[in-house]
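Trainee: Sequence unavailable; structure follows:
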């Protein structure tokens, strides 16, 4: 049975990684709840299928918002579910490392730790997301060499300059994958009077979303409810008409990146000029975003291999390394049993 588990408790997905066996669990971070009784109806993949399709008495919700816990009870159940899937019915409780956003508060950190301990973790460690992302991408950040990380998740984008195993300067914004979906929904509603769901917007983003150019005239048909007639409707979108939406959000992300550059020490700035920018997280897969950053900052910009899993991998692999994890279980246990 796994003794050490790294968990990426993201806004849209929860991923569990065992340093010896790799990624063991990767599912949507969604819980379906009966609004009348509070009973959990479905969790993860089964709950994700219900998005936009539930009756009035059931809500499919994400218990994480902006990288932090918005519903403690449901987050506890999510972690418990993931640990059970990974560890089975083992009597041995695992040590668990969880990544947290750079801007998380002490109160939010304690909520994460308490949820993990209550869910069955023997010990709980925390690691900052940019550090975990760098480790998961295979960077050697223990040396006195500057590495610039842009981790674009579902709810937040964490930007950090790393050196000597730590964060030199950082910035975090709530502009990430979900925000792109929301802007597509807004655009379609305002231009066509068609209300589409989050899943449909996500599919459109993957199909025709770009911050650069496509070599063809690809389109994508979205379906929803016509706000004028109330009847089902559909409209075909081109990548060109959505380009302004994506360019605007990419520009806002670039402004956040610029803030970290402005705080970068001169010696490390030279390292960044050599090493470039490393992009991780599912949002980094958006077509042309790496080219946009490269052109904007005149730097090499690389998307990591398996960017969605970098944070989980780095969190799990950090058990093998010294100095990356902070042991939080003692204070958590004291609070839990006080």
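Mentor: Right, received. Where do you want to start? On a predicted model such as this, the values are computed, not experimentally measured, just so you know. Numbers count the residues shown, from 1 in each chain.

Trainee: Now do the same contact list for residue 68.
Mentor: 101, 104, 108, 111, 112 (C-beta atoms under 8 Å, 6 or more residues apart in numbering). All C-beta spots, glycine's among them, are computed from the backbone N, C-alpha and C.

Trainee: Assumed the fourth one was part of a helix.
Mentor: Okay, so that is residue 111. Yes: under DSSP: H, G, I helix; E, B strand; the rest coil, residue 111 falls within a helix.

Trainee: roughly how far apart are the spatially closest residue to it that is not a sequence neighbour and residue 214?
Mentor: Nearest residue to residue 111, sequence neighbours excluded (C-beta to C-beta, 6 or more residues apart in numbering): residue 69, at 4.7 Å. For residue 69, the distance to residue 214 equals 38 Å [C-beta to C-beta, to the nearest Å].

Trainee: What segments of the stretch 151-300 of the chain are strands?
Mentor: With strands called from DSSP state E, counting those that start in this stretch, the stretch 151-300 of the chain shows them at 157-163, 166-173, 194-195, 219-226, 232-238, 277-280.

Trainee: The residue most central in space within the chain: what's its closest spatial neighbour, skipping adjacent residues?
Mentor: A centroid search over the chain (C-alpha atoms, centre = their mean) returns residue 153, at 2.9 Å, as the residue closest to the centre. Spatial nearest neighbour of residue 153, excluding adjacent residues (C-beta to C-beta, 6+ apart): residue 281 at 4.6 Å.

Trainee: what's the burial count for the one you found?
Mentor: Using other C-beta atoms under 10 Å, residue 281 has 28 other residues around it.

Trainee: that older thread, counting neighbours, go ahead and name the busier of residue 69 and residue 214.
Mentor: With neighbours defined as other C-beta under 10 Å, residue 69 and residue 214 compare such that residue 69 has more, 24 against 14.

Trainee: which residues touch that one?
Mentor: Going by C-beta under 8 Å, 6+ apart, the list of residues near residue 69 reads 63, 75, 108, 111, 112, 115.

Trainee: That one pairs with what?
Mentor: Counting by DSSP bridges, residue 69 forms beta bridges with residue 64.

Trainee: That one and residue 43, how far apart?
Mentor: Residue 69 is 16 Å from residue 43, where distance means C-beta to C-beta.

Trainee: And the helices in the stretch 1-150 of the chain?
Mentor: Along the stretch 1-150 of the chain, counting by DSSP state H, counting those that start in this stretch, helices occupy 45-48, 72-87, 106-119, 129-136.

Trainee: just these: most buried one?
Mentor: helix 129-136 (a mean of 30; mean count of other C-beta atoms under 10 Å).

Trainee: For stretch 296-312, the averaged confidence score.
Mentor: Averaged over stretch 296-312, pLDDT sits at 96.

Trainee: which of the residues in that stretch are buried?
Mentor: 296-297, 299, 301-304, 307-312 (16 or more other C-beta atoms under 10 Å).

Trainee: for stretch 270-286, same thing?
Mentor: Quick answer for stretch 270-286 (16+ other C-beta under 10 Å): 271-272, 275-286.

Trainee: Retrieve the pLDDT associated with residue 116.
Mentor: Confidence score, pLDDT, at residue 116: 88.

Trainee: And for the nearest residue to it once chain neighbours are set aside, the neighbour number?
Mentor: Nearest residue to residue 116, sequence neighbours excluded (C-beta to C-beta, 6+ apart): residue 124, at 4.6 Å. Neighbours of residue 124 under the rule other C-beta under 10 Å: 26.

Trainee: domains for the protein, by residue range?
Mentor: For the chain, whose domains are defined here by automatic domain parsing, the residue ranges read 4-131+312-336, 142-304.

Trainee: I'd like to know which of those has the weakest mean confidence.
Mentor: domain 4-131+312-336 (a mean of 85).

Trainee: How far does that domain sit from its chain's centre?
Mentor: Mean-position distance between domain 4-131+312-336 and its chain equals 12 Å (C-alpha atoms, centre = their mean, to the nearest Å).

Trainee: Then stretch 266-284?
Mentor: In terms of C-alpha atoms, centre = their mean, the centre of stretch 266-284 is found 19 Å from the chain centre.

Trainee: Which residues does the residue lying closest to residue 78 once chain neighbours are set aside form beta bridges with?
Mentor: Nearest residue to residue 78, sequence neighbours excluded (C-beta to C-beta, 6+ apart): residue 14, at 5.9 Å. Beta-bridge partners recorded for residue 14 (DSSP bridges): residue 9, residue 27.

Trainee: okay, now residue 14: neighbour count?
Mentor: Residues lying near residue 14 (other C-beta under 10 Å) number 24.

Trainee: Enumerate every residue touching it.
Mentor: Applying C-beta under 8 Å, 6+ apart, the residues near residue 14 are 7, 8, 25, 26, 27, 28, 29, 44, 78, 79, 82.

Trainee: contacting residues for the second one?
Mentor: Same thing as residue 8. By C-beta under 8 Å, 6+ apart, the neighbours of residue 8 are 14, 15, 16, 17, 99, 132, 309, 311, 312, 315.

Trainee: now do the first one
Mentor: For residue 7, the contact set (C-beta under 8 Å, 6+ apart) comprises 14-17, 79, 82, 96-99, 116, 312, 315.

Trainee: Now distance to residue 162 too, for those, in JSON lines please.
Mentor: Formatted as JSON lines, the contacts of residue 7 follow (distance: C-beta to C-beta, whole Å):
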{"residue": "14", "distance to residue 162": "25"}
{"residue": "15", "distance to residue 162": "21"}
{"residue": "16", "distance to residue 162": "24"}
{"residue": "17", "distance to residue 162": "20"}
{"residue": "79", "distance to residue 162": "27"}
{"residue": "82", "distance to residue 162": "27"}
{"residue": "96", "distance to residue 162": "23"}
{"residue": "97", "distance to residue 162": "18"}
{"residue": "98", "distance to residue 162": "19"}
{"residue": "99", "distance to residue 162": "14"}
{"residue": "116", "distance to residue 162": "25"}
{"residue": "312", "distance to residue 162": "18"}
{"residue": "315", "distance to residue 162": "15"}
